[in-house]
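Undergrad: With the sequence up front, the predicted model follows.
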Amino acid sequence: MFDPDRAYRCSPRVALRPEPFGALAYDFGTRRLSFLKTKILVEVVRTLGDQPDVHTTLDAAGVPADQRPAYLAALAGLAENGTIEPR
């Protein structure tokens, strides 16, 4: 279960390909393709491994308070499909 108080990272099986809308995330293990629909979400996923927890990562990426629930929901989905993982 996704816990934003924990430390996460982008899975080493996942490659991010920049796109004008954000990025494509391809999991070489499951062959699953995910869409990261904003550039801020891409920044969050890329920098998860540099921060002590998800909340700090959202702060560092400049995610506005009113958008945090949407970003937490997106990250929960990415954790469920293995794009991000606890570290």
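TA: That came through, no problem. Numbers count the residues shown, from 1 in each chain.

Undergrad: who touches the closest residue in space to residue 29 that isn't next to it in sequence in this structure?
TA: Nearest non-adjacent residue to residue 29, counting by C-beta to C-beta, 6 or more residues apart in numbering: residue 13, 4.2 Å away. The way it works is simple: take the backbone N, C-alpha and C, and place the C-beta from them, glycine included. By C-beta atoms under 8 Å, 6 or more residues apart in numbering, the residues touching residue 13 are 27-30, 82.

Undergrad: Mind listing what's buried along stretch 31-46?
TA: Of all the residues in stretch 31-46, those buried under the rule 16 or more other C-beta atoms under 10 Å are 34, 36, 38, 40-46.

Undergrad: now stretch 1-20
TA: For stretch 1-20, burial by neighbour count (16+ other C-beta under 10 Å) applies to 2, 4, 7-11, 14, 16.

Undergrad: got it, and stretch 63-70?
TA: Under 16+ other C-beta under 10 Å, the buried positions of stretch 63-70 are residue 63.

Undergrad: now stretch 61-70: how far from the chain's centre is it?
TA: Taking C-alpha atoms, centre = their mean, to the nearest Å, one finds the center of stretch 61-70 at 13 Å from the center of the full chain.

Undergrad: Need the distance between the two termini of that stretch.
TA: Start and end residues of stretch 61-70 are separated by 14 Å (C-alpha to C-alpha, to the nearest Å).

Undergrad: Many thanks, have a good one.
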